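**Student:** What follows is a protein structure lacking sequence information:
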C-alpha cells in the first residue's frame with residue numbers, strides 16, 4: 001500500500017510540474033499566436049500557400065502547420081492547429097492525415113535535448129518529417145477510399161462559427177483559456193501514466209517480465225534496458241524516455257549511433273500520454289484514431305528503415 005501511495009504522489013508532483021510549468025506556457029503562447037494570426041487572416045494565407053504543395057500527401061495547410069508546431073515547439077503544440085481544423089469542420093480525410101503525421105513525427109521536446117549527447121536533432125527532425133509524410137499519405141488514402149468527398153480544406157473557406165476580433169489582447173485571452181482547458185484535460189492522464197511507470201519499477205515487475213521473456217529478448221537482441229526504454233515510452237511518453245536516455249548515457253556512455261537508430265520508435269507521440277493528450281484536447285480525432293495509429297506505425301517503420309541505412 002505504501003508503494004502505491006508513494007508512486008501516486010510522486011507521479012502527481014511530476015505530472016503537475018510537466019503540465020503547469022512545461023506544457024501550459026508553451027500552449028498559451030502557441031494558442032495565442034495561432035488565434036491572433038487567424039484573426040488577421042495571416043494563418044489562412046500561410047495555409048493557402050503551402051496547401052497545393054502538400055495535397056499529394058493528404059495534408060491541407062493546417063495539417064502542415066501542425067507538423068511544424070510539433071517539430072519546432074513540442075508534442076502538445078499541434079493541439080492548436082488541430083483544434084482550429086476541428087472548429088472549421090475539416091473533412092475526415094484531412095483530419096486523419098494530420099493526426100497520423102503528428103503521431104509519426106519527432107517532437108521538439110524530445111529531439112532537441114539529445115543535442116547534449118552528441119546527437120544531431122536536425123537529423124531526427126528530418127527523419128520524423130519523412131515518416132510523417134508517409135503516414136499522412138496512407139491515412140488520407142484509406143479515409144478517402146471509404147468516405148465520400150468531404151468539405152473543402154479548412155484553409156479555403158472562411159470561418160462562419162468564430163467571431164473575428166482583430167485584437168491582440170482578445171487573442172491572448174482566448175488562447176490562454178484554450179490552453180488552460182487543454183492542460184486540465186490532460187493532467188489526469190499524465191498522473192496515471194507516470195504512476196504506472198513508477199509502479200512498474202518499484203514492484204519489480206520489469207525484472208520479472210525480462211526474466212520470463214529472456215529467450216525472446218535474446219532472439220530480438222534486446223536487453224532489460226531496451227525493455228525499460230520501450231515501456232517508459234509507451235506509458236510515460238517521449239519526454240520521459242529522453243530523460244532515461246540521458247541518464248543511461250551519463251552512466252553507461254551510450255553511443256550516439258544507438259540513440260539515433262532507436263529514435264524512430266522512441267521519439268514520437270504514439271504512446272499513451274501522446275494519444276490521450278491529442279484526443280482529449282480535440283475530441284473530433286476519435287473518429288479517425290484507428291486509421292491514424294495504423295498509418296503512424298507505417299510511418300515509424302519507414303523512419304526506422306531510413307535510419308538503418310546510416
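**Tutor:** Yep, it's here. This one's a predicted model, so the numbers in the text were calculated from it and none came from an experiment. Numbers count the residues shown, from 1 in each chain.
**Student:** I'd guessed residue 140 sits against residue 92; true?
**Tutor:** No - in this structure, residue 140 is not within contact of residue 92 by Cβ atoms under 8 Å, at 9.8 Å. (Each C-beta comes from the backbone N, C-alpha and C, glycine too.)
**Student:** More neighbours: those two, which one.
**Tutor:** Remark: of residue 140 and residue 92, residue 140 carries more neighbours, 29 against 20, as counted by other Cβ atoms under 10 Å.
**Student:** can you give me the mean pLDDT across the helix or strand hosting that one?
**Tutor:** Per DSSP states H and E, residue 140 falls inside helix 121-146. Throughout helix 121-146, pLDDT has a mean value of 91.
**Student:** Run a quick neighbour tally on residue 269.
**Tutor:** Per other Cβ under 10 Å, the neighbour tally for residue 269 reads 25.
**Student:** Does the closest residue to it other than its chain neighbours fall in a helix, a strand, or a coil region?
**Tutor:** Among residues not flanking residue 269 along the chain, residue 75 sits closest, at 4.6 Å (Cβ to Cβ, 6 or more residues apart in numbering). State at residue 75, reduced to three classes by DSSP: H, G, I helix; E, B strand; the rest coil: coil.
**Student:** Count residues in the vicinity of residue 75, would you?
**Tutor:** A count of neighbours around residue 75, defined by other Cβ under 10 Å, yields 30.
**Student:** any idea which residue sits dead centre in the protein?
**Tutor:** In the chain, the C-alpha nearest the mean C-alpha coordinate belongs to residue 269, at 3.2 Å (Cα atoms, centre = their mean).
**Student:** how close does it get to residue 233?
**Tutor:** 10 Å (Cβ to Cβ, to the nearest Å).
**Student:** Likewise for residue 245?
**Tutor:** In this view, residue 245 and residue 233 are 10 Å apart by Cβ to Cβ.
**Student:** What ranges does the stretch 151-300 of the chain have for its helices?
**Tutor:** 168-202, 205-212, 214-220, 224-236, 238-252, 256-266, 272-281, 289-308 (DSSP state H, counting those that start in this stretch).
**Student:** what would these look like in CSV with mean pLDDT and distance to residue 111?
**Tutor:** Shown next, in CSV, are those (pLDDT from 0 to 100; distance: least, Cβ to Cβ, whole Å):
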stretch, mean pLDDT, distance to residue 111
helix 168-202, 77, 20
helix 205-212, 72, 26
helix 214-220, 69, 25
helix 224-236, 78, 14
helix 238-252, 75, 8
helix 256-266, 82, 8
helix 272-281, 85, 14
helix 289-308, 93, 12
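**Student:** Among those, show me which one is buried the most.
**Tutor:** Comparing the helices of the stretch 151-300 of the chain by mean neighbour count (mean count of other Cβ atoms under 10 Å), helix 272-281 ranks first with a mean of 22.
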